[in-house]
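Novice: Here's a sequence, model it:
(chains A and B)
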Amino acid sequence: MISKTDALVLRALDYGETSRIVTLYSRRFGKLAVMARGARRPGSRIAACLQPLAYIDVVLYYRAGRELQYLSECAFVRPMPRWEEDWERRACGLLLLEWLDRITPSGEPNAALFNWALRALQSLYEGTGQARTWVLLFLLRALPLIGYGLRLEREGTSGPWAFEETEGRLVARRKAGARARPISDGAIAALEHLIEAPVERVQHLVIPVRLWDELMEHVGAFLQAHLGPLPPVRSWEVFQRMVLFKAG
Amino acid sequence: MRYTSEAVERAILELSRLPSIGRKTAQRLVMYLLKRPREDVARLAEALLALKDAVRFCRICYNVTDEDPCPICTSPRRDRSLICVVEEPNDVLAIERTHEYRGLYHVLGGLISPLAGVGPDELKIRELIARIQESASRGEPVQEVILALNPTTEGDATAYYLARLLNPMGVRVSRIARGIPIGGELEFADEATLLRALEGRVTLS
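Specialist: A predicted model of the protein is given here:
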């Protein structure tokens, strides 16, 4: 059946001499892998559209239950971001894609999540708000859309607190089980703000690197507790290596 | 269904490990080889073994070569003030086919790919910078580095990253043009390609 949908390009893998297998997150079919025949031929009309981070319209030969679909046509819905020297924004865009890839099962459409991912990436493209804040904001507000909302209820009257990733709640550290992770007051305040405050306001929140690392660790642990072991995200680590790279 | 010959099965298995060769293609290749005279198959086997025994990487440009340094790096006819940076040895061949480029090369051995976990440490970037510094200290400074990298997300990331490292060294950094292929039609070009083609337009005088 010939089907049309809009989609985000999550990743691409070269196949054979001239083809490419592309993983898309689409509005209509959820995550799916498509074979783009001839995408690497010189002068290919579809090659430019099949780069990670591209937002495209695709025409597919779609058959339910098939592991690999076939791409017929594609075109940009909006042009590719031109980040060039803005490494952090580029890295955050790729990190967001990696997380979107990890939290979405294949073949399950989720229009709300798709729209939210588009909005987050659009903000990164346009330079609205803080890039790193947008990664956290995307993840925390994507959680309820996939059925694992983080509510941060407190058990106990006073801190210091620990975070129980299986329940997604805060427990007084003295009462916490061995598996609960210590969490700083700054991280709790940031999490509450990121979960509840209006997006227009919270996107400008400047989160120091150490606090951001702590928050990403807690959110990652919460996701692993609910979705099972996830492959490691790599783009942020590569970005850090690029920043720290010493030529001499 | 498996073949009754262990040797055939083994050959199919080994060939199907090669990139873009599946079991069916491997079967076809094995059947073809079975029909060839023994000398032909021996020549192929020797050529494959020679790949590992004789071929090495040039210590200057990291291209594949039988002699180290490679004939391009040692050639007196080459312009030593020009280095063309490419992703893989195949790209050297592609540029050599133009018969126009007379400078040297530097093979990175890949591209920065955040999604695949490939950063600058995995590529020959440090070696490129050392090479440029060394050429300056020898009194034969490199004047220009041409980045001949694919116009992909990874190629862009690597190009901008290299430009940031090389510009402070006083070397001119350029990138090969992107745009409409010869024989192509504007009508069918995508927006990204057209935009880059417009940006890279040249003055006709």
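
Novice: Show residues contacting the helix or strand of chain A with the lowest mean pLDDT.
Specialist: Least confident helix or strand, chain A: strand A:154-155 with a mean of 80, by mean pLDDT, DSSP states H and E. The contact list for strand A:154-155, computed with Cβ atoms under 8 Å, 6 or more residues apart in numbering or on different chains, reads A:161, A:169-172, A:175. All C-beta spots, glycine's among them, are computed from the backbone N, C-alpha and C.

Novice: What subset of these is buried?
Specialist: Buried residues within the contacts of strand A:154-155, counting neighbours by 16 or more other Cβ atoms under 10 Å in any protein chain shown: A:161, A:169-172.

Novice: what would these look like in CSV with distance to chain B, pLDDT and secondary structure?
Specialist: Formatted as CSV, the buried ones among the contacts of strand A:154-155 follow (distance: Cβ to the nearest Cβ, whole Å; pLDDT from 0 to 100; DSSP: H, G, I helix; E, B strand; the rest coil):
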residue, distance to chain B, pLDDT, secondary structure
A:Trp161, 34, 86, strand
A:Arg169, 33, 81, strand
A:Leu170, 33, 85, strand
A:Val171, 35, 84, strand
A:Ala172, 39, 82, strand
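
Novice: ok, which residues in chain B are in contact with chain A?
Specialist: By the rule Cβ under 8 Å from any Cβ of the partner chain, the part of chain B lying against chain A is B:20, B:112-121, B:125-126, B:129-130, B:152-153, B:156-157, B:160-161, B:164-165, B:181, B:183-184, B:188-193, B:195.

Novice: Write the ChimeraX selection for whichever of those are buried.
Specialist: Provided next is the ChimeraX selection string for whichever of the residues of chain B next to chain A are buried by 16+ other Cβ under 10 Å:
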select /B:112,113,114,115,116,118,119,120,125,129,152,153,156,157,160,161,165,189,190,192,193,195
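
Novice: Now the closest residue to B:Glu67 other than its chain neighbours. Its backbone dihedrals?
Specialist: Closest residue in space to B:Glu67, ignoring its immediate chain neighbours: B:Thr74 at 7.9 Å, by Cβ to Cβ, 6 or more residues apart in numbering or on different chains. Geometry field for B:Thr74 lists phi and psi as phi -90, psi -10, criterion degrees, to the nearest 10.

Novice: Please, where are all the strands along the chain?
Specialist: Unless you meant another one, I'm taking chain A. Ranges of strands within chain A are A:2-15, A:19-26, A:30-36, A:55-61, A:68-78, A:154-155, A:161-164, A:169-172, A:181-183, based on DSSP state E.

Novice: ah, I was thinking of chain B
Specialist: Ranges of strands within chain B are B:56-57, B:64-65, B:79-86, B:103-107, B:144-147, B:172-175, based on DSSP E.

Novice: Would you format the ones you listed as CSV with mean neighbour count included?
Specialist: Below are the strands of chain B laid out as CSV (neighbours: other Cβ atoms under 10 Å in any protein chain shown):
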stretch, mean neighbour count
strand B:56-57, 14
strand B:64-65, 18
strand B:79-86, 19
strand B:103-107, 23
strand B:144-147, 20
strand B:172-175, 15
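
Novice: got the contact list for the residue nearest the centre of chain B?
Specialist: Central residue of chain B (Cα atoms, centre = their mean): B:Glu88, 1.9 Å from the mean position. Neighbour list for B:Glu88: B:107, B:109-110 [criterion: Cβ under 8 Å, 6+ apart].

Novice: which outside residues touch stretch A:96-110?
Specialist: A:8, A:10-11, A:23, A:25-33, A:52-53, A:113, A:117, A:120-121, A:124, A:134-135, A:138-139, A:142, A:145-146, A:223, A:227, A:230-231, A:233-235, B:115.

Novice: how does it look with 6 Å?
Specialist: Stretch A:96-110 is touched from outside by A:10, A:25, A:28-31, A:117, A:120, A:135, A:138-139, A:146, A:230, A:233, A:235, with contacts defined as Cβ atoms under 6 Å, 6 or more residues apart in numbering or on different chains.

Novice: how far is that stretch from where the chain is centred?
Specialist: 8 Å (Cα atoms, centre = their mean, to the nearest Å).

Novice: could I have it exported to CSV, CA atoms only?
Specialist: What follows is stretch A:96-110, C-alpha atoms only, in CSV (Å, rounded to 0.1, in the frame of the first residue of the first chain):
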residue,chain,number,x,y,z
LEU,A,96,17.4,14.3,21.7
LEU,A,97,17.2,12.1,18.6
GLU,A,98,19.0,9.3,20.4
TRP,A,99,16.7,9.4,23.4
LEU,A,100,13.6,9.5,21.1
ASP,A,101,15.0,6.4,19.4
ARG,A,102,15.4,4.6,22.7
ILE,A,103,12.1,5.4,24.3
THR,A,104,10.0,4.5,21.3
PRO,A,105,9.2,0.9,20.3
SER,A,106,8.9,0.1,16.6
GLY,A,107,5.5,0.4,14.9
GLU,A,108,3.6,2.3,17.6
PRO,A,109,2.4,5.7,16.5
ASN,A,110,2.1,8.4,19.1
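
Novice: Enumerate the positions of that stretch that are buried.
Specialist: For stretch A:96-110, burial by neighbour count (16+ other Cβ under 10 Å) applies to A:96-104, A:109-110.

Novice: Repeat that for stretch A:73-90.
Specialist: Result for stretch A:73-90 [16+ other Cβ under 10 Å]: buried residues A:74, A:80-81, A:83, A:86-87, A:89-90.

Novice: Around the residue nearest to B:Glu67, count how many other residues there are.
Specialist: 13 (other Cβ atoms under 10 Å in any protein chain shown).

Novice: Is chain B within reach of stretch A:123-140?
Specialist: No. Applying Cβ under 6 Å from any Cβ of the partner chain, one finds stretch A:123-140 separated from chain B by no less than 13.3 Å.
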